[in-house]
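In: Sequence and predicted structure are below.
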Amino acid sequence: MTSTDRERWQRVKDQLRNQLGEDVFTSWFGRMELDAAENGTVRLSVPTRFLRTWIQAHYSEQVLAKWQAEDATINRLELSVRSAAIRPPVVKPKPAEPAALSRELRDMNGAETRSSVPFMSVHEALGGSPLDPRLTFENFIVGRSNTLAHAAAKQVATSRRGEQLMFNPLYIHAAVGLGKTHLLQAITWAGNGADRKVLYLTAERFMYGFVSALKTQTTLAFKEAVRAIDVLVIDDLQFLQGRSTQAEFCHTLNTLIDAGRQVVIASDRPPADLESLDDRVRSRLAGGLVVEIGSLGEELRLEILKSRTAAARLYHPGFEVPAPVLAYIAKAVTHNGRDLEGAVNRLLAHNKLTGQPVTLEMAEREMRDLIRPQEPKRVRIEDIQRVVARQYNVSRADLLSSRRTANVVRPRQVAMYLAKILTLRSLPEIGRRFGGRDHTTVLHAVRKIEALAGNDTTFAEEIEGLKRQLQD
């Protein structure tokens, strides 16, 4: 190897460090070495198979492009795993090990390496979902509706490696804008400086990572990376789709829990209502601590408004909101925390753009579209089946059975129809909850009931009566 090659390699590393940041560079490239650059091929080596697999899947094109910029004759990159027997390690300060530890990540003497990578490099290097720096425990307003969820999240965040887990998994569910994501990201931020590796992923990001691993044939590396995490945090589980992805999630969930690793999950509904998930997954989720965050009470809404206003005042010192205005918004804007933040932003924009002070009259005018009717009661498919079975004097088991007698078929079609119009469940999900029927059967039932109701006033009134029972 010539001195020119070594200089080129140093420039390539400097470019990678500048592009990726010091922490990510150290995690993945800190122990990569140049073996040779000849005959159009650059040969690099790393100490573990995991590193080779991960770099090949995620960074090989970037490394090759930077080499080609230094030497136009290079057209191929080879990455190998160094053998300790052939190339003993140089005695020098040991660089940080990648965060995604696995059984393959051993040092040259066979002992498991310990990660010294800072928290954010662990999260970013593993492709964690973006974090909002505002979503910390310090900024979370605690009230009657979220006290238990906050306490459970704080307990998870302050635990240390090796301690007995109080509940696993922790499952938090709530409607949109009530603080689920805030608590999950607060847990992740609290991992900064702790002795555990914490990874926050949305269900969509988990799916993307798994599908990408399938395409690049790096599923083993993906599995080992995720399963080596101490605290795995999954947000918006209701969006997890795909049979193979759900199977991988199920295996990951079982592996982590059985190994004593903490799992934290959030969704917009309880485990029993996640019809698209396998029964085994729902059962495992329900076996931990399931906590619901309720709607925001007026007192809690007022505290949130005060907190948001104070935060805005840090950047805009002249921004003042009179107490009567805050009280009015807390009483009138009842839907969720995001609407409250939007209300403060509107007041701030009005104040800064017009130069006029915030008044009650202005607030009433600006908040009109944020004042929504009370959210309707959430209807569950189990409730529909129970009410319909009672109405038509059949059992819930009859509705789920394969019986096709007239006294069962019609109530089953009514129940499927109500499930379609009163819930957000898809046709396949509804079919699954009615004895594993095909989505075309559900669609036929919906059309049948719509046609009957359109031609028979008495039957239409009967359907309306069932709706009222379920929504009251």
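Out: Received it, and whenever you're ready, just let me know what you need. Residues are numbered from 1 along each chain as shown.

In: and after the helix or strand encompassing Arg386, which helix or strand comes next?
Out: Secondary structure from DSSP states H and E places Arg386 in helix 381-391. Downstream of helix 381-391, the next assigned helix or strand under DSSP H and E is helix 396-400.

In: Who are the packing partners of that next one?
Out: Helices and strands touching helix 396-400, by 3 or more C-beta pairs under 8 Å, 6 or more residues apart in numbering; DSSP states H and E, are helix 381-391, helix 406-422. Where you see a C-beta, it was placed from the backbone N, CA and C, and this is true even at glycine.

In: Run through who's touching it.
Out: The contact list for helix 396-400 (C-beta atoms under 8 Å, 6 or more residues apart in numbering) reads 385-386, 388-389, 408, 411-412, 415, 434-435.

In: what do you get for stretch 309-318?
Out: Everything outside stretch 309-318 that qualifies as a contact, by C-beta under 8 Å, 6+ apart, is 134, 139, 319-321, 326, 344, 348, 351-352.

In: Any buried residues in it, and which?
Out: Neighbour counts over stretch 309-318 (16 or more other C-beta atoms under 10 Å) mark 309, 312 as buried.

In: Repeat that for stretch 299-310.
Out: 300-309.

In: Reformat the residues you listed as CSV; add distance to Ala247.
Out: Putting the buried residues of stretch 299-310 into CSV (distance: C-beta to C-beta, whole Å) gives the following:
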residue, distance to Ala247
Leu300, 40
Arg301, 42
Leu302, 46
Glu303, 43
Ile304, 40
Leu305, 45
Lys306, 47
Ser307, 42
Arg308, 42
Thr309, 47
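
In: tell me how far stretch 378-398 is from the chain's mean position?
Out: 33 Å (C-alpha atoms, centre = their mean, to the nearest Å).

In: Low-confidence ranges, the stretch 1-150 of the chain, go.
Out: 23-24, 27, 50, 83-127 (pLDDT under 70).

In: and with 80 instead?
Out: Where the stretch 1-150 of the chain drops to pLDDT under 80, the residues are 1, 20-28, 30, 47-54, 57-58, 82-129.

In: picking that back up, which one of the contacts of helix 396-400 is nearest Ser283?
Out: Ranked by distance to Ser283 (C-beta to C-beta), the contacts of helix 396-400 are led by Gly435 at 18.9 Å.

In: Can you pull the domain assignment for this protein?
Out: With domains defined by automatic domain parsing, the chain comprises 3-94, 137-292, 298-370, 381-471.

In: Figure out which of those domains is closest to Pro130.
Out: Nearest to Pro130, of all the domains of the chain, is domain 137-292, at 8.9 Å by C-beta to C-beta.

In: start to end distance for that closest one?
Out: For domain 137-292, the first-to-last residue distance is 18 Å (C-alpha to C-alpha, to the nearest Å).

In: Check stretch 317-329 too.
Out: End-to-end distance for stretch 317-329, by C-alpha to C-alpha: 21 Å.

In: now swap in stretch 186-199 and tell me
Out: From its first residue to its last, stretch 186-199 covers 12 Å (C-alpha to C-alpha).

In: Identify each buried residue in it, please.
Out: Neighbour counts over stretch 186-199 (16+ other C-beta under 10 Å) mark 186-191, 194, 196-199 as buried.

In: follow-up on the earlier one: can you put the domains of the chain in a markdown table and add distance to Ser129?
Out: What follows is the domains of the chain, written out as a markdown table (distance: least, C-beta to C-beta, whole Å):
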| stretch | distance to Ser129 |
| --- | --- |
| domain 3-94 | 16 |
| domain 137-292 | 5 |
| domain 298-370 | 18 |
| domain 381-471 | 23 |
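
In: Which of those comes out lowest on mean pLDDT?
Out: Per-stretch mean pLDDT for the domains of the chain is lowest at domain 3-94 (a mean of 78).

In: Which members of the buried residues of stretch 299-310 are positioned in helices?
Out: 300-309 (DSSP state H).

In: out of the contacts of helix 396-400, which is most surrounded?
Out: When neighbours are taken as other C-beta atoms under 10 Å, the top entry among those is Ala415 (29 neighbours).

In: Would you agree that one is in contact with Glu382?
Out: No: Ala415 is beyond contact range of Glu382, at 10.5 Å (criterion: C-beta atoms under 8 Å).

In: Which elements pack onto the strand or helix carrying Val446?
Out: Assigned by DSSP H and E, Val446 belongs to helix 439-455. The elements that helix 439-455 packs onto, with contact taken as 3+ C-beta pairs under 8 Å, 6+ apart, are helix 406-422, helix 427-433, helix 457-471.

In: quick one on the thing from earlier: pick the most deeply packed of the domains of the chain.
Out: Compared across the domains of the chain, domain 137-292 shows the largest average neighbour count, a mean of 19 (mean count of other C-beta atoms under 10 Å).

In: Tell me which residues touch the residue lying closest to Met207 once chain neighbours are set aside, please.
Out: Closest residue to Met207 apart from its sequence neighbours, by C-beta to C-beta, 6 or more residues apart in numbering: Thr245 at 5.0 Å. Contact analysis of Thr245 by C-beta under 8 Å, 6+ apart lists 206-207, 210-211.

In: which of these lies closest to Gln15?
Out: Nearest to Gln15 among these: Val211, at 29.5 Å, using C-beta to C-beta.

In: tell me which element the closest one is part of?
Out: Under the criterion of DSSP H and E, Val211 resides in helix 203-215.

In: Residues in contact with that helix: which ones?
Out: Here helix 203-215 has contacts from 57, 127-129, 201, 219, 221-223, 226, 234-242, 244-245, 248-249, using C-beta under 8 Å, 6+ apart.

In: Out of the helices and strands packed on helix 439-455, the one nearest Gly30 is which?
Out: Taking those one by one with C-beta to C-beta, helix 427-433 is closest: 46.9 Å.

In: Next secondary structure after the secondary structure element (helix or strand) that the residue nearest to Met207 belongs to?
Out: Here Thr245, judged by DSSP H and E, is contained in helix 243-258. Sequence order places strand 262-267 as the next helix or strand after helix 243-258, per DSSP H and E.
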